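Asks: make a model of this:
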Amino acid sequence: MPTSGEFEEFDCLVHDGMSTIPATRRVAAEEPLCIYVNGQSLAVLTRTPGFEQELCLGYLLTEGFIGSPGDVVRMKYLREAERVEVELAASAEGRLAKARRTHTAPYGPGRAAGRAEKLAAPIAVAAAKVSPADLQTMARVLRSYQRLFEATGGTHAAALSPDTPVPPDGPVIVREDVGRCNAVDKVIGACYMQGLILTAPLLFLSGRLSLETVAKAAQVGIGAVAGIGAPTTSAVRLARRLGMFLAGFVRSDTFTVYAGSLASPAS
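Replies: All right, here's what the predicted structure looks like:
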């Protein structure tokens, strides 16, 4: 079961079409997390409490503030302040300053779209060879680890396999969060913090495949993204431009490939 810090119980009224009765329902927690880098405020994320350092590392990587985990000299989560403090190496300060300027832009044609447009070949996205079996395995693993969603119905999830074909016994990392992008950042941060090498990774999502999630994957070299939801037009265009694999509507035995191609049975 999820921990108590991940949800809160509320007294509600439930209507079943015939009558209205009192009931208690679990609601997924959403709390702010401040990220400070080199002593200055960088961002405030609203997230599901838990895995704060993974979220922070993933966010710094997928938003382009750092080029690799090695840029981080020190990272500390201050629970009472709901704050993560990060110290970067001096060699990373130029990249940080440049990324800060990009992130001062407002949303819509957006910061996400503007950043995604800067992602152009030859960005080093790993060419994963994805098979139907890989997609089915990832969907099965994702469902089995969505504890908080089962309790609240209010979270997104992301699963990341460092390599393809997806090994039947893992490692596949899964993280949940009220924010779709937070789940992506957490699972990417988790892989790096656990020392897993992203050889030919496959990222699998519980919902819609947005421009932002595909751009985050590309930023760290993930060349294959799939999920149970639909992609957006911008996500498809970006995936095709970067030579990525993108598949949506993944069910037990059906899916749609929007970019890239499937691995042959002999692969």
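Asks: pretty sure A239 sits against A247.
Replies: No: in this structure, A239 is not within contact of A247 by C-beta atoms under 8 Å, at 9.7 Å. Glycine gets a C-beta too; all of them are placed from N, C-alpha and C.
Asks: common neighbours of these two, please.
Replies: Shared between the contact lists of A239 and A247 (criterion: C-beta atoms under 8 Å, 6 or more residues apart in numbering) are residues 225, 258.
Asks: helices along the stretch 51-200 of the chain, start to end?
Replies: Chain-ordered helices for the stretch 51-200 of the chain, with DSSP state H, counting those that start in this stretch as the definition, fall at 52-62, 93-102, 111-118, 132-144, 147-152, 180-193.
Asks: okay if I get the ones you listed as CSV plus mean pLDDT and mean neighbour count?
Replies: As requested, these are arranged in CSV below (pLDDT from 0 to 100; neighbours: other C-beta atoms under 10 Å):
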stretch, mean pLDDT, mean neighbour count
helix 52-62, 97, 25
helix 93-102, 87, 13
helix 111-118, 56, 17
helix 132-144, 94, 18
helix 147-152, 93, 19
helix 180-193, 97, 25
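Asks: nearest to T164, out of the ones you listed?
Replies: If you check each of the helices of the stretch 51-200 of the chain against T164 by C-beta to C-beta, helix 132-144 wins as the nearest, at 5.6 Å.
Asks: rewinding a little: for P162, find the nearest of the helices of the stretch 51-200 of the chain.
Replies: P162 lies closest, by C-beta to C-beta, to one member of the helices of the stretch 51-200 of the chain: helix 180-193, at 6.1 Å.
Asks: from the contact counts, what lies against that closest one?
Replies: With contacts defined as 3 or more C-beta pairs under 8 Å, 6 or more residues apart in numbering; DSSP states H and E, the secondary structure elements packing on helix 180-193 are helix 52-62, strand 156-161, strand 173-177, strand 202-205, helix 211-219.
Asks: returning to what we had before: quick one, which of the helices of the stretch 51-200 of the chain gets closest to P69.
Replies: Within the helices of the stretch 51-200 of the chain, the stretch nearest P69 is helix 180-193; the backing value is 4.7 Å (C-beta to C-beta).
Asks: any chance of TSV for the helices of the stretch 51-200 of the chain, columns distance to D11?
Replies: Putting the helices of the stretch 51-200 of the chain into TSV (distance: least, C-beta to C-beta, whole Å) gives the following:
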stretch	distance to D11
helix 52-62	30
helix 93-102	44
helix 111-118	38
helix 132-144	30
helix 147-152	15
helix 180-193	28
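Asks: so which of those gets nearest S252?
Replies: Of all those, the one in closest proximity to S252, counting by C-beta to C-beta, is helix 132-144 (6.8 Å).
Asks: got a list of contacts for that closest one?
Replies: Defining contact as C-beta under 8 Å, 6+ apart, one finds that helix 132-144 is touched by 157, 159, 161, 164-166, 168, 172, 174, 202, 204, 206, 226, 228, 247, 250-253, 255, 262-263.
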